[in-house]
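Student: need a structure here:
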Amino acid sequence: MNRSQSVFISRIRGLPVMDASGDQVGKVRDVVIQMRTPGRAPLVRGLVVELFARRRIFVPMVRVHAIDAVQIMISGTVNTRVFSRRVAETLVIEDLFDRTFNRHGTPVWVMDVSMAPVRSHEWEINEVALAESGRSRFIRKAPSNPIIVDWREVPSLVLASRQSTERTIAEMQEMKPADMARELHDMNPHRRAEVAMALDDDQLANAIEELPEDEQVSLITVLDPDRAADILEEMDPDDAADLIQELPDTTAHQLLARMEPDDADDVRSLMAYDEFTAGAMMTPEPVIVAADATVADALALVRNEDITPAEASMVFVCRPPTETPTGRYLGAVHVQRLLREPPSTMVSAIIDSDLEPMRTDAPVGAVSRYFATYNLVVVPVVNEANQLVGAVAVDDLLDHLLPPDWRGDQMDGELVEVNHG
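Tutor: Next comes the predicted model:
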């Protein structure tokens, strides 16, 4: 942990929060943390910021660009919805400041808590400033030489009233999405909804994608509509489209209307294709580069940790625009070929000319034969104008080849057979 950049939270309380244009958004009122598994420092999830209208919102740490003695700089867009604390979250100032406990037999109270960056946009709780309690619990004078201890020495960081759910959430932090889904699957509906409401949006989205369809529907419908829309935005567009099609029409229209326009447009475009076709199975966000891009440009894109291994296995070359639907589709380059070429090589010079794209109306049987013929894990999909509109990854194909409730059967310990018909 980089202690040289450690920041005590009392020193940022009340600091102005500035956007990229230099305009003040509001002021810091608190810091939101989340407990993790034993031995791991609590994670700093974000800041509670009070707007000028005295409404408090949540700003995730990924938006925090810089912190100094006079201001906090943020970048990107922030959600201005009123902040509502989740079950697994702790507010440092509200919950921890002034908290008392015994340290080596001596009563002490929490004066301050520090946080420090551990990697890009990720912060953890670092140290805690303590003071010995005086005779009066209501009159405390901050000492000039507080006791600075590691966060591990403060057992009261774990709030007893929220311990059960917090422990569950902390354990899930270390799980893969499929394992998180199995845990949710094994819970009763009430407990499942309680834990789902406490999970981060991206965690819940990843877990929902691995749940049986009926449990996906039950979870998304018990959430607040704004939160449900946020979850759908975090999901892969093809999975979000499949889920929305299972919802009642009124609910589906309501959630689509609350989603960000670009995300909603991606989902609506996928819903327009017939089921069990390449168009319905594809993701509209494959890795795309222009013809004048270099190998170095392409490799920089596939290094993105948010891209699945299957999608990162191939880069598609198109005329501008390079967002789907693109300009004319030119071809594809395998990532293995990129790794064998000098960084300055133009990707247009190493296109696999033998790889024909699929059409959006190609049935699932044709798509599966294409995968087998070319030994691929992702295939390009074009429309009638030869514009790239997406790509089908092998996991999306398997979802359509396996029986409808294969996830539920697998979680219940039943064997699942692939339909080869």
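
Student: Please state the backbone phi and psi of residue 125?
Tutor: phi -70, psi 140 (degrees, to the nearest 10).

Student: nearest spatial neighbour of it, skipping sequence neighbours?
Tutor: Among residues not flanking residue 125 along the chain, residue 42 sits closest, at 4.3 Å (CB to CB, 6 or more residues apart in numbering). C-betas here are computed from N, CA, C, even on glycine.

Student: What are the neighbouring residues in contact with that neighbour?
Tutor: 33, 34, 35, 36, 90, 124, 125, 151, 157 (CB atoms under 8 Å, 6 or more residues apart in numbering).

Student: and what of residue 315?
Tutor: 287, 288, 289, 298, 301, 302, 332, 333, 335, 338, 347.

Student: Mark which of the residues you listed are buried, thanks.
Tutor: Among the contacts of residue 315, the ones that count as buried by 16 or more other CB atoms under 10 Å are 287, 288, 289, 298, 302, 332, 333, 338, 347.

Student: Now, those that are in strands?
Tutor: Counted as lying in strands by DSSP state E, out of the buried ones among the contacts of residue 315, are 288, 289, 332, 333.

Student: Can you tell me which of these is nearest residue 366?
Tutor: residue 332 (17.9 Å; CB to CB).

Student: Thought residue 382 was touching the closest one, still the case?
Tutor: No - counting by CB atoms under 8 Å, residue 332 stays clear of residue 382, with 11.1 Å between them.

Student: residues shared between the contacts of those two?
Tutor: In contact with both residue 332 and residue 382: residue 357, using CB under 8 Å, 6+ apart.

Student: Number of residues surrounding residue 87?
Tutor: When neighbours are counted by other CB atoms under 10 Å, residue 87 registers 16.

Student: What degree of burial does the residue lying closest to it once chain neighbours are set aside show, as a neighbour count?
Tutor: Computed as CB to CB, 6+ apart, the closest residue to residue 87 that is not its neighbour in sequence is residue 198, at 4.1 Å. Other residues near residue 198 come to 20 when the count uses other CB under 10 Å.

Student: Same question for the one 10 residues further on.
Tutor: The burial metric for residue 208, expressed as a neighbour count using other CB under 10 Å, is 26.

Student: per-residue confidence for the closest residue to it other than its chain neighbours?
Tutor: Computed as CB to CB, 6+ apart, the closest residue to residue 208 that is not its neighbour in sequence is residue 216, at 5.3 Å. Per-residue confidence at residue 216 stands at 94 (pLDDT).

Student: ok, residue 216 - contacts?
Tutor: 208, 243, 246.

Student: State the helix or strand in which the closest residue to residue 108 other than its chain neighbours lies.
Tutor: Excluding the flanking residues, the one nearest residue 108 by CB to CB, 6+ apart is residue 130, at 4.4 Å. In this structure, residue 130 sits in strand 122-132 according to DSSP states H and E.

Student: Can you identify the element that follows that strand toward the C-terminus?
Tutor: strand 147-150.

Student: Residue 63: neighbouring residues, count only.
Tutor: So residue 63, with other CB under 10 Å, has 19 neighbours.

Student: wait, doesn't it sit right on residue 72?
Tutor: No - contact criterion CB under 8 Å: residue 63 and residue 72 do not qualify, at 10.0 Å.

Student: Taking the buried ones among the contacts of residue 315, tell me the two that lie furthest apart.
Tutor: 288 and 338 (14.0 Å).

Student: okay, residue 403: pLDDT?
Tutor: 67.

Student: Hmm, I typed the wrong one, I wanted residue 237.
Tutor: 93.

Student: mind listing what it touches?
Tutor: 263, 266, 267, 270, 283, 284, 285.

Student: How about residue 387?
Tutor: Counted by CB under 8 Å, 6+ apart, residue 387 has contacts 318, 324, 325, 326, 327, 328, 329.

Student: Specify the beta-bridge partners of residue 7.
Tutor: residue 115 (DSSP bridges).
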